[in-house]
Each structure stands twice: as C-alpha cells, then as structure tokens.
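Trainee: Just the structure for this:
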Amino acid sequence: MAKQKNHTNENQNWKWHRNGVIKPQKGRRSLAGVYRPLLKNMRYAKAGNSKWGPNQALLVAAKKWREENKAKLVPKPAGTGKRAARKAAAAKAAPVKAAPAKTAPAKTAPVATKEQPKKK
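Mentor: Below you'll find the predicted structure:
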C-alpha cells in the first residue's frame, strides 16, 4: 500500500499575500527599572536634539537673515505679472460684443376648443 500525503502548503502563500503580509507593530518598552543615571543622560540627550539645542546659532542666523531680506520675501500683489499684462492688452485691443437683450416670448391668444361631453 502507498504512503498517504501528510501535508501540503500549496496556495497558502498566495492567500497570505492577497491582502498583504503586515509586520506586527513593535511597542515601546517601558523604562521602569532602568539604571537611573542612564535615564537622566537620555533626558539631557533629548534636550540637546531639540530645536533650541546645538542648532540654536543656526536658527538665530536664519531669523536675522529673514529680517534683513523682508522686502524681498514679500509676495507680489495679484495682477502685476506678464500674464495679467497680456490679458489687459487683449481686453483693450478687442472689446467684447454686448450680448443681445433677452425678450419675453410673444403671448398668443387662447385657442377655442370644443367642449367634450362628460362621461357618466
């Protein structure tokens, strides 16, 4: 007698990937019970990576530059570019024709009709 087939993984891979294989999200571990001096050092490191840490001089320089070049950074008012100038020139060159005025439809006299006899 022939041995029977014990297992197959056919089609399972396709089924798993139909909706995409999603890696489980890794949770953040608690720092409870961690060496206290290490936690204190971590706090200092996080503070150093903030926007007012080692990059403070760079940010102050950028702010100073913005103040000096404030006039250059102001956006132009609308309608001052080349496109607006072309549009205005085209409007001057060819005035738009006025649309014909709408008139009400002429009323007609009611037509006399023969009265139908009522059904019983």
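
Trainee: How many neighbouring residues does Gly20 have?
Mentor: 6 (other C-beta atoms under 10 Å). Placement of C-beta: from N, CA and C, glycine included.

Trainee: cool, Ala93 as well?
Mentor: 7.

Trainee: And for Glu68?
Mentor: Neighbours around Glu68, by other C-beta under 10 Å: 9.

Trainee: per-residue confidence for it?
Mentor: Looking at Glu68, its pLDDT is 88.

Trainee: now Trp52
Mentor: 58.

Trainee: Quickly note the distance from Arg83 to Val34.
Mentor: Taking C-beta to C-beta, to the nearest Å as the measure, Arg83 falls 62 Å from Val34.

Trainee: What segments of this structure are helices?
Mentor: Under the criterion DSSP state H, the chain contains helices at 12-17, 36-48, 56-68, 70-73, 82-93.

Trainee: comparing the ones you listed, which gets the lowest mean pLDDT score?
Mentor: helix 70-73 (a mean of 79).

Trainee: if I look at the spatially most central residue of the chain, how far off is Gly81?
Mentor: What sits nearest the mean C-alpha location of the chain, by C-alpha atoms, centre = their mean, is Pro75, with 22.7 Å. In this view, Pro75 and Gly81 are 11 Å apart by C-beta to C-beta.

Trainee: Likewise for Pro100?
Mentor: For Pro100, the distance to Gly81 - C-beta to C-beta - is 35 Å.

Trainee: Compare these two (neighbour count), which wins?
Mentor: Using other C-beta under 10 Å as the criterion, Pro100 and Gly81 rank with Gly81 on top: 11 against 6.
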